[in-house]
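Participant: just to be clear, the model below is a prediction. Sequence and coordinates:
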Amino acid sequence: MIRNTPQTWFIFTAVFVSLALIFVACTENRDDADDPSNDPANNDDANTEEAAESAETWPAEREIVFADYGWDSAITLNRIAQYILEEGYGYETGTVPGETIPLFQGMLSGEIDVSMEIWVDQNPEFAPAVESGEVLDLGISVDNTVQGWWVPTYVIEGDEERGIEPMAPGLSHVDDLPDYWEVFQDPEDPEKGRLYDCIAGWECERYNQVKFDYYGLDEHFNRFLPGSGTALDTSLLTAHDRGEAWLGYYWTPTWVAGMVDLTLLEEPEYTDECWDGIEQALEADEPIDEACAWPVTEAVISVTSDFADEAPDVIAFLEQFTTDESHISDALAYMGENDADPDDAALWFLEEYDDLWSPWVPDDVAERVRDSLNTQ
C-alpha cells in the first residue's frame, strides 16, 4: 500500500510532468516531419517565393518615377508601362516632365528611375553613363524609327480624291530640291523656298545645319526653326489640311506621321564612316567633307543601376517591352483623330495589341491588366 505523503505526491507529480513533456516533444517532432517546409528539397522553392514576395512589395514606400519627355510617343510609352505596373503589379508610379538633357540629369542624380524613349544619337551623355554603370540600357522600346526631310506624298503624286495635282512630280532626292524651290516658297522671303527644320535647341539642329550647307540648299532655301514640337506639327497639319506644299525635318513615330501620308526624301546612303565624319566635324566646329542619310535609329529603355537592383521584377518586364514604330504611330494617330490624350492612347494600345504586350509579363499580371481594361 502506498502512503499518501508529501514526498510521495512530489514524486508522482514529477513523473507525470516528465511523461507529458515527452509526449509533447514527440508530437512536435512528428508535426515537423510532416511539414513540407522542413524538407531540404523544398527550401529553394520557399526562398524563391519569399524573394518574389519581397520584390513585389518593393515600391510601397515610393513611386516608380518616369521621365515624361516633351513629345507624344515618349509620354504614351510611359502611360503604357505605367498602366501595366499599376494595374498588373499593384505599384504606384509618377512622372517628371521636361526635355532630354535635364531629365537625363535627373536620372543620373537618382530623381528619375525610368526613361522609356532615349534616342541614343540625340543624347551624347547616354553612352558614357552606360559605360560607367550609372544607367542600364534595357533594349529597344521603339524599333525602325526614321528621321530626315519629308514632304506630304500628295506633293509628289497628287491626291485625286482631294482634287490635288502633283506639285513636284520628279521630286525624290534632296538633290532635286533646287528644281522645286518655288513649290515651297517662303512667305517671308519669296525669292527662296522654306524648309521647316528641327526644333531650335535640339541636337538634330546641328546635324541638319551642316547637311543643309553641304547639299548647297542655302542657295535656294531658308531654314525655319520652330520653337517647339507643337509648332512643327501645326505647320505640317495646316499645310496638309489646305492641300499645300510643305518640306521639313520630321521623324517617326508621331501621331502626325500616323495621320498624314509622308514621303522621306532620299539622301546619299548612310555609312558609319560618313556619320562618324559628320560627328567629328561637328565636334571640331568645322565643315563636313561628306553628307549622308540619318541612321535608322532605335529608341531604347534605360533605368538607373540602383533601381535595377531594387526592382528586379520591373526590370524583367521592361527588358521584354518592345514595339515597332508603326504600333506607336497608330496609337498616336488614334490620339490625334479622337482628340484624346496619351492616357487614352495607352488604353487603346493595350486593348488593340494584346498579342504584342501580354508576353511581356507573367500570365497573372496580364490577366489583371485585362480585367482592369474591361472596367474602363
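Facilitator: Received it, and whenever you're ready, just let me know what you need.
Participant: tell me the SS of Tyr91?
Facilitator: coil (DSSP: H, G, I helix; E, B strand; the rest coil).
Participant: ok, it to Ser115 distance?
Facilitator: Distance, Tyr91 to Ser115, by Cβ to Cβ, to the nearest Å: 17 Å. No exception for glycine: its C-beta is placed from N, CA and C like everyone else's.
Participant: pick out whichever of the two has more residues nearby.
Facilitator: Between Tyr91 and Ser115, counting by other Cβ atoms under 10 Å, Ser115 is the more crowded of the two (29 against 20).
Participant: what does the host helix or strand of that one rub up against?
Facilitator: Element membership of Ser115, judged by DSSP states H and E, is strand 114-119. Under the criterion Cβ atoms under 8 Å, 6 or more residues apart in numbering, residues 64-67, 69, 73-74, 77-78, 81, 100, 103-104, 107, 126, 141-142, 145, 297, 299-303, 307, 318, 321 lie in contact with strand 114-119.
Participant: same check on stretch 224-235?
Facilitator: 70-71, 186, 194-200, 205, 246, 248-250, 254, 256.
Participant: next SSE downstream of the strand holding Ser115?
Facilitator: With elements assigned by DSSP H and E, the helix or strand that comes after strand 114-119 is helix 126-132.
Participant: spatially nearest residue to the residue nearest the centre of the chain, not counting backbone neighbours?
Facilitator: Among the residues of the chain, the one closest to the centroid is Met116, at 2.7 Å (Cα atoms, centre = their mean). Distances taken as Cβ to Cβ, 6 or more residues apart in numbering put Leu77 closest to Met116, at 4.1 Å, once the chain neighbours are dropped.
Participant: give me the contacts around the helix or strand hosting the one you found.
Facilitator: Secondary structure from DSSP H and E places Leu77 in helix 72-83. With contacts defined as Cβ under 8 Å, 6+ apart, helix 72-83 is touched by 66-69, 93, 95, 114, 116-117, 141-142, 253-255, 299, 317-318, 321, 323, 328, 331-332, 335, 342-343, 345-347, 349-350, 357, 369, 372.
Participant: quick one: mean pLDDT for the helix or strand that comes right after that helix?
Facilitator: Next in sequence after helix 72-83, counting helices and strands by DSSP H and E, comes strand 93-98. Across strand 93-98, the average pLDDT comes to 95.
Participant: show me which residues of strand 93-98 are buried.
Facilitator: Across strand 93-98, burial judged by 16 or more other Cβ atoms under 10 Å covers 93, 95, 98.
Participant: how far away is Gly277 from Gln82?
Facilitator: From Gly277 over to Gln82 (counting by Cβ to Cβ), the distance is 41 Å.
Participant: one step back: now the angle from the strand holding Ser115 to strand 93-98?
Facilitator: 40 degrees (axes from the mean of the first three to the mean of the last three Cα atoms, to 10 degrees).
Participant: just the strands in this protein please.
Facilitator: 64-69, 93-98, 114-119, 135-145, 147-152, 185-186, 189-196, 221-224, 248-251, 262-264, 297-304, 323-324 (DSSP state E).
Participant: so what's the residue count around the closest residue to Glu92 other than its chain neighbours?
Facilitator: In space, and not counting its chain neighbours, Glu92 is closest to Glu63: 4.7 Å by Cβ to Cβ, 6+ apart. Neighbours of Glu63 under the rule other Cβ under 10 Å: 15.
Participant: OK, contacts around Glu63?
Facilitator: Counted by Cβ under 8 Å, 6+ apart, Glu63 has contacts 91-94.
Participant: quick one: which of those residues is nearest to Ser172?
Facilitator: Thr93 (45.1 Å; Cβ to Cβ).
Participant: beta partners of that closest one?
Facilitator: Taking DSSP bridges as the rule, Thr93 bridges to Ile64.
Participant: before we move on, what about the one 5 residues further on?
Facilitator: Gly98 forms beta bridges with Tyr69, as assigned by DSSP bridges.
Participant: wait, it touches Val65, no?
Facilitator: No - contact criterion Cβ atoms under 8 Å: Gly98 and Val65 do not qualify, at 11.9 Å.
Participant: can you give me the neighbour number for the closest residue to Val142 other than its chain neighbours?
Facilitator: Excluding the flanking residues, the one nearest Val142 by Cβ to Cβ, 6+ apart is Ala299, at 4.2 Å. Counted with other Cβ under 10 Å, residues neighbouring Ala299 total 24.
Participant: equivalent analysis for Lys192, please.
Facilitator: Each residue near Lys192 was counted by other Cβ under 10 Å, and the total is 18.
Participant: check what pLDDT it gets.
Facilitator: Looking at Lys192, its pLDDT stands at 98.
Participant: do Ile199 as well
Facilitator: pLDDT, Ile199: 87.
Participant: surely it is in contact with Glu205?
Facilitator: Yes - counting by Cβ under 8 Å, Glu205 is a contact partner of Ile199 at 7.2 Å.
Participant: more crowded one of those two?
Facilitator: Neighbour count, other Cβ under 10 Å: between Ile199 and Glu205, Ile199 has more, with 21 against 15.
Participant: phi and psi next, for the more buried one.
Facilitator: phi -60, psi 140 (degrees, to the nearest 10).
Participant: ok, now which ones touch it?
Facilitator: 205, 225-229, 231-232.
Participant: for those residues, pick the one with the most neighbours.
Facilitator: Neighbour counts for the contacts of Ile199 were taken using other Cβ under 10 Å; the highest belongs to Leu232, with 22 neighbours.
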